[in-house]
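Asks: Structure for this input, please:
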Amino acid sequence: MKKRLKQSIASILGLWIAFGGGILLRGGEEGAWPQFRGPNATGVAAGKERLPERLDPGKDALWKTPLPPGHSSPAVHGERIYLTGARGRELLTMAVDARSGKVLWEEKAPHQDLEVIHQIGSHAQPSPATDGRRVVSFFGSSGLLCYDAAGKLIWRQALGPFKNTYGAGSSPIISGNRVILSQDHDTDSFLAAFDLDTGKEAWKTDRSEFPRGYATPVLWESAGKRQIIVSGTLRVIGYDFESGQEVWTVRGLARIVIMTPAAGADGNLYVAGWTSGADEGDRIQVDPFAAMLKAQDGDRSGTIESREIPEGPLKSRFPQIDLDKDGHITETEWVYNQKIFEKAENAILAIKPGGQGDITATHVLWRQNRFLPDAPSPVYYRGHIFMVKNGGILTSLDARTGQPVKQGRVSGMSDYYASPVAGDGKIYLLSQRGELSVVSAVPQWEELSTARLEEDAFASPAIAGGRIYVRTMAHLYCFGGREGEP
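Replies: Numbers count the residues shown, from 1 in each chain. Next comes the predicted model:
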């Protein structure tokens with residue numbers, strides 16, 4: 001009788017997860033790290049296993065596996081780790097054995113042209129997502145690809161390349177039988193849902209008002225309904241999961257949003273964005289288009305070319321302002337970007353659930369405009385927000401008020417692109433130069449250990465089954481308890 005009862009409970013939980021139940025909204029399958037930043041992109045481990053305090057590659061690594069370069073973060077389910085990489089012009093999806101580090105398979109993504117990327121970017125930037133049965137990878141040059149656990153291609157949705165000089169960055173997510181993908185580029189931005197088994201488009205929502213952005217969607221429950229949260233230029237939006245229709249919005253975000261929102265265990269949503277030129281006392285000023293033409297349009301073409309813009313912040317951003325990438329800035333493109341520069345606000349803010357329409361004035365619990373990172377997403381853990389910015393500056397905020405508790409430097413003082421991850425009372429930080437810091441996850445945090453991988457790193461670490469997987473530009477490392485250890 002007890003056995004049948006356990007089987008029934010397990011079956012019900014399985015169906016709940018499969019159809020996008022609350023587990024997917026707040027945590028995830030214990031021991032799994034199914035996508036970018038783990039369960040629902042929270043950056044927090046779902047399991048309760050002990051995690052290492054030291055991550056010394058010479059002493060503490062269980063294994064180290066060479067991999068093609070890439071910025072994508074590991075997705076882990078059971079004994080499989082999934083990643084993407086770029087070997088020359090080859091775009092690869094790979095599976096690695098979690099026990100040994102052995103590469104089990106790699107598959108090439110078909111493509112015609114490789115998209116333009118940033119000088120320190122990668123053609124393998126978005127992270128894969130998996131439910132254990134399928135793995136979905138995304139390349140801006142190729143589109144969405146779905147494989148089974150053995151590496152057999154199930155379907156492909158051709159997408160891209162996109163008009164974006166930095167390349168694609170937002171990662172796909174899986175919920176139930178849906179693949180959710182948000183792509184914000186300088187033209188033709190969208191949010192779409194696809195059938196996990198067939199790749200057929202379920203719905204597609206236009207986001208053409210949003211230029212380039214890199215935040216991955218997260219799921220959130222509000223008023224008893226599932227929503228897809230996408231953070232973009234100037235505002236964050238909650239979309240209905242089933243239809244893709246906009247439900248609510250909060251205004252007051254950055255010009256370009258890189259950071260992925262965090263759905264806190266307290267039920268609130270934490271959204272952050274920072275871009276240069278929007279801080280108080282350091283704002284980029286944009287002259288009216290007519291004044292720009294009068295002063296700089298030497299060939300009297302009625303458009304602005306790169307050679308006609310004086311040296312300064314606007315000249316370096318010419319590829320962003322030139323939305324269609326034809327080499328000429330029209331009045332429409334200039335005015336569109338002028339409004340963005342004027343309205344941009346660098347901030348992290350807390351949003352309570354339950355609103356509809358524009359809820360900026362009613363549902364924002366607090367707003368903080370200091371201590372903001374450039375790229376790493378904030379992590380909500382045990383009632384506090386932890387953020388790391390370039391130079392190794394780590395800040396803890398009280399999630400109830402947004403007030404800073406402690407700010408200081410960790411040992412890794414280079415730039416940071418990888419987002420912090422948390423578990424077992426610890427925060428794990430990884431700098432671009434491969435500097436690893438383990439910090440106590442308390443308001444008055446302290447650095448517990450530090451180590452160097454001696455390789456550049458852009459991918460956020462993954463935590464699953466009591467182990468931590470760290471991806472650099474050349475290797476995948478595994479840290480954790482050894483067999484037989486408590």
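
Asks: Look at the spatially closest residue to Ala61 that is not a sequence neighbour and give its secondary structure.
Replies: Among residues not flanking Ala61 along the chain, Tyr477 sits closest, at 5.1 Å (C-beta to C-beta, 6 or more residues apart in numbering). Quick note: C-beta positions are derived from backbone N, CA and C, even for glycine. Secondary structure state of Tyr477, per DSSP: H, G, I helix; E, B strand; the rest coil, is strand.

Asks: can you tell me which residues contact Tyr477?
Replies: Leu55, Pro57, Ala61, Trp63, Lys64, Leu453, Tyr469, Val470, Arg471 (C-beta atoms under 8 Å, 6 or more residues apart in numbering).

Asks: Of those, just the buried ones, ChimeraX syntax please.
Replies: The buried subset of those, as determined by 16 or more other C-beta atoms under 10 Å, is captured in ChimeraX by this line:
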select :55,57,61,63,453,469,470,471
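
Asks: among the contacts of Tyr477, which are in strands?
Replies: Residues of these located in strands (DSSP state E): Ala61, Trp63, Lys64, Tyr469, Val470, Arg471.

Asks: doesn't Cys478 make contact with the second one?
Replies: Yes. Between Trp63 and Cys478 there is a contact under C-beta atoms under 8 Å: 5.0 Å.

Asks: Can you tell me which of the contacts of Tyr477 lies closest to Ala278?
Replies: Arg471 (31.1 Å; C-beta to C-beta).

Asks: Just to check, that closest one is in contact with Ala457?
Replies: Yes. Counting by C-beta under 8 Å, Ala457 is a contact partner of Arg471 at 6.9 Å.

Asks: just to revisit the earlier point, can I get the contacts of Tyr477 in JSON lines with distance to Ser73?
Replies: Output for the contacts of Tyr477, formatted as JSON lines (distance: C-beta to C-beta, whole Å):
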{"residue": "Leu55", "distance to Ser73": "16"}
{"residue": "Pro57", "distance to Ser73": "18"}
{"residue": "Ala61", "distance to Ser73": "18"}
{"residue": "Trp63", "distance to Ser73": "18"}
{"residue": "Lys64", "distance to Ser73": "17"}
{"residue": "Leu453", "distance to Ser73": "15"}
{"residue": "Tyr469", "distance to Ser73": "9"}
{"residue": "Val470", "distance to Ser73": "10"}
{"residue": "Arg471", "distance to Ser73": "7"}
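
Asks: Of the contacts of Tyr477, just say which sits nearest to Lys426.
Replies: Leu55 (10.3 Å).

Asks: what sits against that closest one?
Replies: Ala61, Tyr428, Leu436, Val438, Ser449, Ala451, Ile468, Val470, Tyr477, Phe479.

Asks: pLDDT and distance to Val410 added to the residues you listed, as TSV?
Replies: Below are these laid out as TSV (pLDDT from 0 to 100; distance: C-beta to C-beta, whole Å):
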residue	pLDDT	distance to Val410
Ala61	97	20
Tyr428	98	11
Leu436	97	10
Val438	98	9
Ser449	97	10
Ala451	97	12
Ile468	97	17
Val470	98	16
Tyr477	98	19
Phe479	97	18
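
Asks: Nearest to Thr249 among the ones in strands among the contacts of Tyr477?
Replies: For these, the nearest to Thr249 is Arg471 (34.4 Å; C-beta to C-beta).

Asks: That closest one: what's it in contact with?
Replies: Arg471 touches Leu67, Gly70, Ser72, Ser73, Pro74, Leu83, Ala457, Ala459, Pro461, Tyr477, counting by C-beta under 8 Å, 6+ apart.

Asks: re earlier: intersection of neighbour lists for Trp63 and Cys478?
Replies: With C-beta under 8 Å, 6+ apart as the test, Trp63 and Cys478 both reach Gly101.

Asks: List the buried residues for stretch 284-294?
Replies: Quick answer for stretch 284-294 (16+ other C-beta under 10 Å): Ile284, Val286, Phe289, Met292, Leu293.

Asks: mind listing which of the residues you listed are in helices?
Replies: Counting by DSSP state H, these place Phe289, Met292, Leu293 in helices.

Asks: didn't the first one look like it was pressed against Glu331?
Replies: Read that as Phe289. Yes. If you go by C-beta under 8 Å, Phe289 and Glu331 touch, sitting 4.8 Å apart.

Asks: picking that back up, next step: the contacts of Arg471 restricted to strands.
Replies: Leu83, Tyr477.

Asks: Can you tell me the SS state at Thr332?
Replies: helix.

Asks: so what pLDDT did it get?
Replies: Looking at Thr332, its pLDDT reads 96.

Asks: Tell me who's in contact with it.
Replies: So Thr332 contacts nothing (C-beta under 8 Å, 6+ apart).

Asks: again, only this time at 10 Å
Replies: By C-beta atoms under 10 Å, 6 or more residues apart in numbering, the contact set of Thr332 is Phe289, Leu323, Asp324.

Asks: Gly273 now?
Replies: Applying C-beta under 10 Å, 6+ apart to Gly273 gives the contacts 213, 215, 231-236, 252-259, 261, 344-349, 372-374.

Asks: switch to 8 Å and redo it
Replies: Counting by C-beta under 8 Å, 6+ apart, Gly273 touches Ser231, Leu253, Ala254, Ile256, Val257, Ile258, Met259, Asn346, Ala347, Leu372.

Asks: what about the nearest residue to it once chain neighbours are set aside, distance to Thr275?
Replies: Using C-beta to C-beta, 6+ apart and skipping residues adjacent in sequence, the residue nearest Gly273 is Ala254, 3.3 Å away. Computed as C-beta to C-beta, to the nearest Å, the Ala254 to Thr275 distance reads 4 Å.

Asks: what about Ala375, distance to Gln183?
Replies: As judged by C-beta to C-beta, Ala375 and Gln183 stand 18 Å apart.

Asks: I should have written Cys478 there, sorry.
Replies: Distance, Cys478 to Gln183, by C-beta to C-beta: 32 Å.

Asks: same deal with Asp60?
Replies: 38 Å.

Asks: Ala254 and Thr275: which has the busier surroundings?
Replies: Legend: neighbour count by other C-beta atoms under 10 Å for Ala254 and Thr275, higher for Ala254 (26 against 20).

Asks: circling back to that earlier point, any chance of the contacts of Arg471 in a markdown table, plus distance to Gln125?
Replies: Below are the contacts of Arg471 laid out as a markdown table (distance: C-beta to C-beta, whole Å):
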| residue | distance to Gln125 |
| --- | --- |
| Leu67 | 15 |
| Gly70 | 8 |
| Ser72 | 6 |
| Ser73 | 10 |
| Pro74 | 14 |
| Leu83 | 12 |
| Ala457 | 14 |
| Ala459 | 9 |
| Pro461 | 16 |
| Tyr477 | 20 |
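
Asks: Farthest pair within the contacts of Arg471?
Replies: The largest separation in the contacts of Arg471, counting by C-beta to C-beta, is between Ser72 and Tyr477 at 15.3 Å.

Asks: So which of the contacts of Thr332 is the closest to Ala46?
Replies: Ala46 has its nearest neighbour among the contacts of Thr332 in Leu323, at 40.5 Å by C-beta to C-beta.

Asks: count of neighbours near the closest one?
Replies: If you count neighbours by other C-beta under 10 Å, Leu323 ends up with 19.
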